[in-house]
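Q: show me how the following folds:
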Amino acid sequence: MKRLITPILILLLTLTACVTPMTEVPVAERITVREYVIDAHGRSKDEIFTATKIWLAETFASSKAVTEDADKEAGRIIGNGSMPYPCRGNCEWAGIWNLKFTIRIDMKDGKFKVTYSNIRTSTHMGDWGGHQIKEDQPNIKLAFENLNQSLQTYVTKEKQKANW
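A: Numbering: from 1, shown residues only. Below you'll find the predicted structure:
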């Protein structure tokens, strides 16, 4: 019996040492909105609109499912997006996590503003609302900055692609 207890204790100590402590972020401190104003390097509102529609189609699985409203005259696109949740904590228990959000892009000649709002987490088990882990917040910010950088790069290079 003593031979069995020792390996079990070692196994339990090893497993508990591997678990990363998670700190739930209070509601008031959760990342719910990210906003960026971007210089479009002299692109017109129409050029920004067209490039943004193509970027949405190439970035998300279905741009038609993503885009809720696209008004070229107003220079506005509103839609819903999803991307992998950059989990650093002990998230594996619920499977693959995603960040879901509303994206709004307002355009005018020479610049555009991107707003990510209604940011929430979800898994295959359902929507977890605004659940966020403190250790993941820098990665959440970075994920939106990278997505935003992708859009900015696409908009500024799309005109160059047209001159093939």
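Q: residue ranges in the protein under the pLDDT threshold?
A: Low-confidence segments of the chain (pLDDT under 70): 1-22, 25-27, 62-65, 86-95, 124-131, 158-164.
Q: okay, helices next: where are they in it?
A: 2-18, 45-59, 63-66, 137-162 (DSSP state H).
Q: elements contacting the longest strand along the chain?
A: Using DSSP state E, we find that the single longest strand of the chain is strand 111-123. In this structure, strand 111-123 packs against strand 34-39, strand 98-108, helix 137-162, with contacts taken as 3 or more Cβ pairs under 8 Å, 6 or more residues apart in numbering; DSSP states H and E. C-betas here are computed from N, CA, C, even on glycine.
Q: give me that answer again for 10 Å
A: On a contact count with 3 or more Cβ pairs under 10 Å, 6 or more residues apart in numbering; DSSP states H and E, strand 111-123 meets strand 34-39, helix 45-59, strand 76-84, strand 98-108, helix 137-162.
Q: how about the longest one: buried residues?
A: Going by neighbour count (16 or more other Cβ atoms under 10 Å), the buried part of helix 137-162 is 137, 140, 143-144, 147-148, 151-152, 154-156, 158-159.
Q: list the contacts of Phe49.
A: For Phe49, the contacting residues are 43, 70-77, 105, 107, 112, 155, by Cβ atoms under 10 Å, 6 or more residues apart in numbering.
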